[in-house]
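1. Just a sequence and a predicted model for now, questions to come.
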Amino acid sequence: MSDSGLDILGADSGGRRATKAGGRRAPRKRGPRWGRILLVLVVLAGLVFAGKVVWDKAGSYLNGPEDYSGQGSGEVVVEIPAGSDGQAMASILAKQDVVASAEAFYQLSLNDERFATIQPGFYQLRRKMSAEWAMRELTDAGNRVEGKVTIPEGSRVGQIVKAIAAGSEISEDEVTAVLDDPKDLGLPEGANGNPEGYLFPATYTVEPGTTALELMQQMVKKTLEVEADLDIDARAKALGLSKEDVLTMASILEYEAARDEDYPKVARVLFNRLEDGMPLQLDSTVSYVSQREGDVWTTPEERANPSEYNTYQNTGLPPGPIGSPGEKTIEAALNPADGDWLYFFADKEGVTIFNTDFAQHNADCQKVYGAGSCGG
């Protein structure tokens with residue numbers, strides 16, 4: 001049989017079945033294409049996730065960020081550090097569950113003028129508050145958790161101890177412990193380890209956790225800042241005094257005069273007596289010895305006290321301040337009035353009467369207080 005007569009469906013010379021002339025081999029059968037199916041599933045999952053993100057974002061814009069409603073409940077103390085911006089503050093509030101989400105408070109802060117009035121510090125707030133209520137509470141100064149310690153001008157260490165305990169959570173024992181070992185207070189060398197006169201009179205904010213040492217360090221630092229601001233060192237030298245002398249004289253003025261306008265005149269009396277070598281003869285320094293704060297007159301026994309603070313028994317200034325002077329009396333000590341007065345007393349209205357003559361001084365004093373009541 002010729003080649004053309006070969007059975008086209010028969011086997012070829014290699015034993016394989018031939019295909020139709022000019023035809024293609026039939027494709028082999030394969031199993032399921034799992035790779036493609038898996039890829040499709042991944043793509044679908046990604047689309048679902050992306051859709052959810054878009055939906056959540058859309059919901060956020062449409063409905064606003066997650067937020068609690070109402071005033072909240074319970075108590076929580078929150079610290080707002082200095083320099084906190086809206087985002088930082090929002091994160092702090094959300095972390096402590098004051099607000100439902102940082103975004104709720106942050107978005108409110110962007111357009112609320114009250115936000116600029118929030119001060120750093122500690123605040124007593126509630127948990128689960130709306131962002132609006134959180135803003136209200138943070139801008140209410142009454143919610144700040146802090147102590148207020150006010151030290152009046154002229155206060156002595158004993159009075160300062162009581163003022164600290166009354167205005168803060170710091171106890172008298174804690175303050176006394178620092179005073180008993182004052183090496184860490186930051187006192188200048190001229191203080192000789194005595195904090196009297198170096199705890200500056202002012203109002204101090206005492207945040208939770210502040211220690212007695214930290215608070216009194218602030219007071220000493222304030223005194224040193226005032227010394228620098230008033231250039232006490234150079235101005236004292238021009239007067240022939242040391243910085244410590246100026247603080248000592250200023251502390252005396254706090255007790256010896258009652259009106260601002262009288263401070264420079266009393267300072268001049270002190271300078272005149274020092275220049276003349278006279279004892280200062282000040283009841284304020286004698287009462288300091290006996291710690292009878294607030295006394296106007298002292299007894300003959302107290303005036304006989306041999307202490308260096310007894311200006312009846314000793315000439316010159318006492319060895320240190322007798323209280324904490326304020327800026328007005330420090331300035332008066334640095335800039336005494338012009339005059340040759342040597343004597344003074346305060347009348348019943350607190351007006352200081354000045355004289356150059358002792359006899360006239362006595363006469364004026366007895367007119368106010370009666371015969372035998374004035375002795376110099």
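-> Everything's here; your move. Residues are numbered from 1 along each chain as shown.
2. so where's the stretch 251-376 of the chain uncertain?
-> 291-303, 305, 375-376 (pLDDT under 70).
3. could you redo the last one with a cut-off of 50?
-> Filtered on pLDDT under 50, the stretch 251-376 of the chain yields the residue ranges 292-297, 376.
4. quick one: the helices in it?
-> All helices of the stretch 251-376 of the chain, identified by DSSP state H, counting those that start in this stretch, fall at 263-276, 283-290, 300-303, 327-334, 358-369.
5. Just tell me which of the ones you listed ends up closest to Ser91.
-> Taking C-beta to C-beta, helix 327-334 is the member of these nearest to Ser91, at 41.5 Å. Any C-beta I mention is one placed from the backbone N, CA and C, and that applies to glycine too.
6. wait, what's in contact with Gly323?
-> Gly154, Ser155, Arg156, Glu196, Gly197, Ser251, Glu254, Tyr255, Tyr288 (C-beta atoms under 8 Å, 6 or more residues apart in numbering).
7. how near is the second one to Asn314?
-> To Asn314, Ser155 is 24 Å away according to C-beta to C-beta, to the nearest Å.
8. Give me the domain ranges for this protein.
-> Domain assignment for the chain by automatic domain parsing gives 73-143, 147-229, 232-369.
9. Can I get these in JSON lines including distance to Gly64?
-> Shown next, in JSON lines, are these (distance: least, C-beta to C-beta, whole Å):
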{"stretch": "domain 73-143", "distance to Gly64": "7"}
{"stretch": "domain 147-229", "distance to Gly64": "34"}
{"stretch": "domain 232-369", "distance to Gly64": "52"}
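10. Tell me which of those lies nearest to Leu38.
-> Nearest to Leu38, of the domains of the chain and by C-beta to C-beta, is domain 73-143 at 36.9 Å.
11. how far does the closest one stretch from start to finish?
-> This stretch, domain 73-143, spans 15 Å end to end (C-alpha to C-alpha, to the nearest Å).
12. on that earlier part again, which two among the contacts of Gly323 are spaced furthest apart?
-> That would be Glu196 and Tyr255, which, of those, are the farthest apart (C-beta to C-beta) at 13.2 Å.
13. Those two: who's more crowded?
-> Tyr255 (24 against 20; other C-beta atoms under 10 Å).
14. Could I get the full set of helices for the stretch 1-150 of the chain?
-> Under the criterion DSSP H, counting those that start in this stretch, the stretch 1-150 of the chain carries helices at the ranges 34-63, 86-95, 102-111, 131-138.
15. hmm, back to that, now do the shared contacts for Glu196 and Tyr255.
-> In contact with both Glu196 and Tyr255: Ile322, Gly323, using C-beta under 8 Å, 6+ apart.
16. Contact partners for the nearest residue to Leu282 once chain neighbours are set aside?
-> Excluding the flanking residues, the one nearest Leu282 by C-beta to C-beta, 6 or more residues apart in numbering is Thr311, at 4.7 Å. Applying C-beta under 8 Å, 6+ apart, one finds that Thr311 lies in contact with Pro279, Leu280, Gln281, Leu282, Thr285, Val286, Pro318.
17. Distance check, Ala102 against Ser130.
-> Ala102 is 14 Å from Ser130, by C-beta to C-beta.
18. try Ala116
-> In terms of C-beta to C-beta, Ala116 sits 20 Å off from Ser130.
19. of those two, who's got more company?
-> Taking neighbours as other C-beta under 10 Å, Ala116 and Ser130 compare with Ser130 leading, 20 against 8.
20. My understanding was that the more buried one contacts Gly64; is that so?
-> No: the criterion here is C-beta atoms under 8 Å, and Ser130 misses it with Gly64 at 11.1 Å.
21. I am finished for the moment; much appreciated.
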